[in-house]
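A.B. asks: What follows is a predicted protein model with its sequence.
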Amino acid sequence: MRATSFTIAMACSLAFSGAQAATFCAWKIPNDDKRWINLTVVQYIDVGDEDVRIAFGGGNLGSGYDIRIPTKSREDGAKILKAMQDASKQCDR
């Protein structure tokens, strides 16, 4: 079962992590040496028991991209989310 309220709260936390948000904030996708995500265009993050799903890019809902990062537990997903938050805070400095 997915934690919808957790997802929304954490996505808002990433979006409003500082008074002035960076225009570009690169975050490396775990276990992927070729791809990075610009955190400023993340639309939502869904932390589940088996994966973390991130929707990003695109101007209209559904017009962007999404990735799935497999996890062993919801706690592993929370760690990924924390890493994204930490990166976002660094970019906003």
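C.D. replies: Arrived safely.

A.B. asks: how far does the lengthiest helix in the chain sit from the chain's center?
C.D. replies: Using DSSP state H to define each element, the chain has its longest helix at helix 74-91. Centroid separation for helix 74-91 versus its chain: 8 Å, with Cα atoms, centre = their mean, to the nearest Å.

A.B. asks: Now do that helix: which elements does it pack against?
C.D. replies: With contacts taken as 3 or more Cβ pairs under 8 Å, 6 or more residues apart in numbering; DSSP states H and E, helix 74-91 sits against helix 4-15, strand 26-28, strand 42-47, strand 51-56. Bear in mind the C-beta positions are built from the backbone N, C-alpha and C, glycine included.

A.B. asks: Surely Asp51 is in contact with Pro70?
C.D. replies: Yes: Asp51 is within contact range of Pro70, at 5.2 Å (criterion: Cβ atoms under 8 Å).

A.B. asks: The two: which has the busier surroundings?
C.D. replies: Asp51 (18 against 11; other Cβ atoms under 10 Å).

A.B. asks: Return the per-residue confidence for that one.
C.D. replies: As predicted, Asp51 sits at a pLDDT of 96.

A.B. asks: what's the distance between it and Thr40?
C.D. replies: 23 Å (Cβ to Cβ, to the nearest Å).

A.B. asks: Next: Tyr65.
C.D. replies: Between Tyr65 and Thr40 the computed distance is 14 Å (Cβ to Cβ).

A.B. asks: Comparing the two, which residue is more hemmed in?
C.D. replies: Thr40 (17 against 12).

A.B. asks: So that one belongs to a strand, correct?
C.D. replies: No: per DSSP: H, G, I helix; E, B strand; the rest coil, Thr40 lies outside any strand segment and is helix.

A.B. asks: surely it meets Phe56?
C.D. replies: No: with contacts defined as Cβ under 8 Å, Thr40 does not count as touching Phe56, sitting 9.1 Å away.

A.B. asks: so where is the protein shaky, pLDDT-wise?
C.D. replies: The model of the chain has pLDDT under 70 over residues 1-22, 59-63.
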